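Novice: what's the 3D shape of this:
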Amino acid sequence: MIKKSLFFLFLVLAFTIYAQQETESIKIYRAEETKLNDLIHTKLKVSFDFPKRYLYGEAWIKAKPHFYPSQKLVLDAKSMMIQEVKMGDKKLEYNYENDELIINLGNIYTRDEEFEVYIKYTARPELVTQKGSAAISDAKGLYFINPDETDPEKPTQIWTQGETESNSVWFPTLDSPNQKSTEEIYITIPNKYTTLSNGLLINQTENQDGTRTDYWKMNQPHAPYLFFIGIGEYAVVKDSWKGKPVNYYVEKEYEPVAKAIFGNTPEMIQFFSDKFGVEYPWEKYSQIVGRDFVSGAMENTTTTIHSENAYQKEGQLIDENTWEDTVSHELSHHWFGDLVTTESWSNLTVNESFATYAEYLWREFKYGKDHADEHLFQDKKAYFMGGNESKNLVRFHYADREDMFDGVSYQKGATILHMLRKEIGDEAFFAGLKKYLQDFQFGTAEAHQLRLALEDVSGTDLNPFFNQWYFANGHPKLEISYNYDLTDNTVIVTVKQADKVFHFPLKIDIYESGKRIEHNVEVTKKEQSFTFQYTKKPDLVNVNADHVLLSEIKDEEKTLENYIFQLNNAPHYEDRYNAILYLSKHQDNDEAFKALMKAMNDKYFEIRILALRNIDLSKKYRKEAIKVVETLATTDPKTKVQGEAILVLAKLIDPKYKPIYERGINNPSYSIKSNSIIALYEIDKTAAMNAINSLANETKEDLASLLVQLYIKENDETQMPYIASHLLDFAFSDKEADQQTFMKTYQWIANSNNEKALSNLTQDFVSKGKRYKKYGVDMMVMGLLQQVIQLQNKSNNSNKDTIIQIVKKGLSELVE
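Specialist: A predicted model of the protein is given here:
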């Protein structure tokens with residue numbers, strides 16, 4: 001069972017609307033870019049005009065014909081002014097139009113002859129109008145953040161974002177993923193700024209005009225979209241792995257917690273080196289945080305940039321480092337994506353599916369199987385709800401290359417790799433990955449080459465697997481039924497495929513007298529039955545017991561007793577998750593309630609939290625259950641569990657727990673602190689509000705969701721602007737109560753005449769819509785803002801015209 005959040009429901013609508021908008025362009029075959037010339041080396045010298053948002057550049061591009069003789073070089077160069085093109089001292093003829101710089105080389109060159117052209121240019125990113133990807137809000141390539149220093153709350157920074165083909169905004173290049181080039185770059189900036197780029201910092205030169213020139217050099221070839229520069233006032237927190245620099249560039253405020261956020265990186269590098277069988281191949285690894293970054297993060301070679309969402313306070317990190325998956329994802333790209341790069345965006349899976357699955361691998365290694373399985377379960381949910389069922393994993397027909405960045409290339413691809421690992425076994429799977437990486441290192445590849453590497457190692461024909469999962473769409477939708485023959489002591493398990501027919505292995509576990517017997521069957525038909533002998537009627541028949549198969553399963557014949565047994569005995573995270581959700585609806589049954597009570601002490605903390613969220617303390621065994629909750633609220637090793645248990649105690653509205661709440665308010669954990677204030681509010685509103693007022697302003701902002709909850713409960717209209725600035729976060733929660741809070745409060749604000757609140761609401765919706773465009777949030781908030789306009793038009797608010805103009809301006813920003 002999947003508990004649908006409000007966000008996911010809007011997501012379905014978003015992708016439905018998007019599908020209706022697709023054009024005839026999806027009929028165009030999207031081939032790998034033809035290679036007329038090959039990049040060899042790129043040398044750049046850049047400086048900046050901050051007020052104009054210009055980059056002044058010089059580029060030396062070394063290349064050669066790929067195969068056929070050539071006398072011209074066609075470079076991507078978007079929205080630039082070209083001042084000069086030369087080869088040595090000789091000026092070259094060129095034509096610049098439609099964002100292409102066509103250079104007449106003057107001579108015909110063969111594939112054995114290298115040439116180098118010099119280009120002097122000005123980059124003007126603010127003039128770029130190309131579409132942004134599904135993962136980013138626009139594609140300017142080069143971004144100036146607060147360049148005029150007019151915003152006291154925001155530092156001045158410059159950073160770049162090249163994927164998919166946006167780095168040609170700030171330097172001329174062959175902007176295609178099937179090109180590779182070594183690189184050197186001289187960056188001249190005011191002396192107060194720190195720079196970061198690919199490769200190693202070779203030297204720094206102080207200039208007489210108060211500027212400094214930093215020289216970075218990258219000795220290994222990588223794709224043009226992975227070139228990067230980052231500039232700002234940063235603290236550099238130094239770490240290392242096997243003598244190689246591993247550094248974290250953060251704003252000064254976050255210097256004390258930089259290692260708490262990124263500090264597992266050296267261990268991750270070692271883990272991925274061992275797991276993939278190829279030692280980390282680059283000269284360094286740095287991570288930098290960029291303000292207003294247009295995506296979550298980006299794996300620029302040796303130099304990952306993260307959005308400011310990476311920043312967390314100590315109280316948040318005590319509970320959980322919510323950015324660790326992103327850290328592992330981007331690092332793993334330095335094997336899958338940077339070392340071996342997709343030859344075309346159609347084959348994006350060889351980049352993004354691996355990086356998404358690497359999140360699972362790291363969790364499995366560092367925190368255990370439950371931790372990893374829970375993450376993969378969330379990936380499956382994201383794919384199922386994403387409206388992407390009609391898309392192949394490898395697809396050569398799409399409306400725009402940016403559309404490849406979706407739940408198929410990421411989440412579905414990760415689950416397919418998990419199935420592939422199971423199909424051929426761990427040893428062959430990882431040996432095959434090693435061969436793939438070694439065969440194509442510093443080059444490019446496609447999905448078929450991955451298949452061939454795995455076939456070479458395993459000796460298995462993987463065409464059927466790849467044809468079904470990589471080059472076709474959808475997933476199995478199964479209906480399960482059971483027929484027990486008490487005379488023959490057999491159970492017939494029938495598997496019916498609701499839509500198209502897939503071929504797949506299926507694990508069926510049968511529990512008899514407390515013992516588990518594992519069966520592996522092959523499903524090849526629309527409807528297929530499997531007969532199993534037993535001595536005593538099974539306690540449970542568990543289909544897809546390892547939860548490896550990417551499928552939606554209806555298993556409606558399971559009984560209450562089956563689910564009780566499943567919760568107590570089945571080992572997989574999804575088994576316990578599904579059982580808790582089922583049993584939570586049957587808590588009048590004593591055994592069901594006892595099973596839920598037991599789940600509150602599960603070995604995995606997220607299962608303990610799930611049980612706490614679903615336990616009903618009004619039932620028969622409430623006293624025993626309350627004792628368990630009391631213990632969890634004060635002694636559980638996970639602060640998130642303690643916080644959740646405190647919320648459960650709050651429902652009892654019992655003053656005897658006031659000392660627990662008061663201690664909790666002083667706890668450094670944000671989970672314990674915030675939930676303690678909420679709990680205290682239920683028995684002593686004045687004390688709770690006093691506790692909030694005593695918090696430092698910085699802590700108040702960190703606990704914004706808590707304040708919003710209490711301000712909503714207080715129905716405090718004076719705080720409506722503050723509530724509006726943070727309301728959207730409630731829509732993304734998997735808690736039904738939070739979703740209800742969102743809809744009720746959204747209607748309250750949308751119907752109001754509070755101009756400031758509606759301005760804040762619009763600004764927050766637009767900001768998050770752009771940032772999380774990849775997940776369809778832009779479509780979600782667009783619908784919500786359009787509804788605000790409709791409600792205001794129907795209202796008698798005196799300032800509705802002003803409000804409507806504010807909202808319309810926000811909508812126009814979303815569709816730019």
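
Novice: from here on, just use CA atoms for contacts and neighbour counts.
Specialist: Noted.

Novice: poorly predicted segments of this protein, please.
Specialist: Within the chain, the stretches with pLDDT under 70 are 1-26, 130-138, 771, 773-775, 816.

Novice: Three-state assignment for the residue of it most remote from its centre, please.
Specialist: For the chain, the largest distance from the centre (Cα atoms, centre = their mean) belongs to T487, which lies 53.0 Å off. Under DSSP: H, G, I helix; E, B strand; the rest coil, T487 falls in the coil class.

Novice: again, but for I82
Specialist: strand.

Novice: residue contacts, it?
Specialist: 96, 119-122 (Cα atoms under 8 Å, 6 or more residues apart in numbering).

Novice: and if you look at F430?
Specialist: Contact analysis of F430 by Cα under 8 Å, 6+ apart lists 275-277.

Novice: how many neighbours does K808 have?
Specialist: The local packing of K808 (other Cα atoms under 10 Å) involves 17 other residues.

Novice: so how far is G769 from it?
Specialist: 15 Å (Cα to Cα, to the nearest Å).

Novice: check which helix or strand D214 maps to.
Specialist: strand 211-222 (DSSP states H and E).

Novice: report the distance from that strand to the chain centre.
Specialist: 29 Å (Cα atoms, centre = their mean, to the nearest Å).

Novice: now do it: which elements does it pack against?
Specialist: On a contact count with 3 or more Cα pairs under 8 Å, 6 or more residues apart in numbering; DSSP states H and E, strand 211-222 meets strand 181-190, strand 200-206.

Novice: contacts for that strand?
Specialist: Strand 211-222 has contacts (Cα under 8 Å, 6+ apart) with 40, 179-191, 195, 197-207, 282, 301, 338-339, 442-443.

Novice: cool, stretch 700-713 as well?
Specialist: Counting by Cα under 8 Å, 6+ apart, 313, 670, 674-675, 678, 692, 719, 722-723, 726-727, 729, 745 sit against stretch 700-713.

Novice: need the CA coordinates for that stretch. PDB is fine.
Specialist: Extracted C-alpha coordinates of stretch 700-713, given in PDB (Å, rounded to 0.1, in the frame of the first residue of the first chain):
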ATOM      1  CA  LYS A 700      13.200  30.200  15.200                       C
ATOM      2  CA  GLU A 701      13.900  30.300  11.500                       C
ATOM      3  CA  ASP A 702      15.300  26.700  11.600                       C
ATOM      4  CA  LEU A 703      12.100  25.600  13.400                       C
ATOM      5  CA  ALA A 704       9.800  27.400  11.000                       C
ATOM      6  CA  SER A 705       7.500  24.500  10.500                       C
ATOM      7  CA  LEU A 706       6.900  24.300  14.200                       C
ATOM      8  CA  LEU A 707       6.100  28.000  14.500                       C
ATOM      9  CA  VAL A 708       3.800  27.800  11.500                       C
ATOM     10  CA  GLN A 709       1.900  24.900  13.100                       C
ATOM     11  CA  LEU A 710       1.400  26.800  16.300                       C
ATOM     12  CA  TYR A 711       0.500  30.100  14.600                       C
ATOM     13  CA  ILE A 712      -2.100  28.200  12.600                       C
ATOM     14  CA  LYS A 713      -3.500  26.700  15.800                       C
END
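
Novice: any idea how many residues pack against the closest residue to E184 other than its chain neighbours?
Specialist: Nearest non-adjacent residue to E184, counting by Cα to Cα, 6 or more residues apart in numbering: K217, 4.2 Å away. K217 has 18 neighbours, counted by other Cα under 10 Å.

Novice: please, which helix or strand holds G57?
Specialist: In this structure, G57 sits in strand 54-65 according to DSSP H and E.

Novice: give me the sheet partners of that strand and which way each runs.
Specialist: strand 37-49 (antiparallel), strand 115-123 (antiparallel) (DSSP bridges).

Novice: got a list of what R421 touches?
Specialist: F429.

Novice: A strand includes it, no?
Specialist: No: the assignment for R421 is helix, going by three-state DSSP, so no strand is present there.

Novice: what distance do you get for it to E279?
Specialist: In terms of Cα to Cα, R421 sits 21 Å off from E279.

Novice: Y109 is in contact with Q71, correct?
Specialist: Yes: if you go by Cα atoms under 8 Å, Q71 and Y109 touch, sitting 6.1 Å apart.
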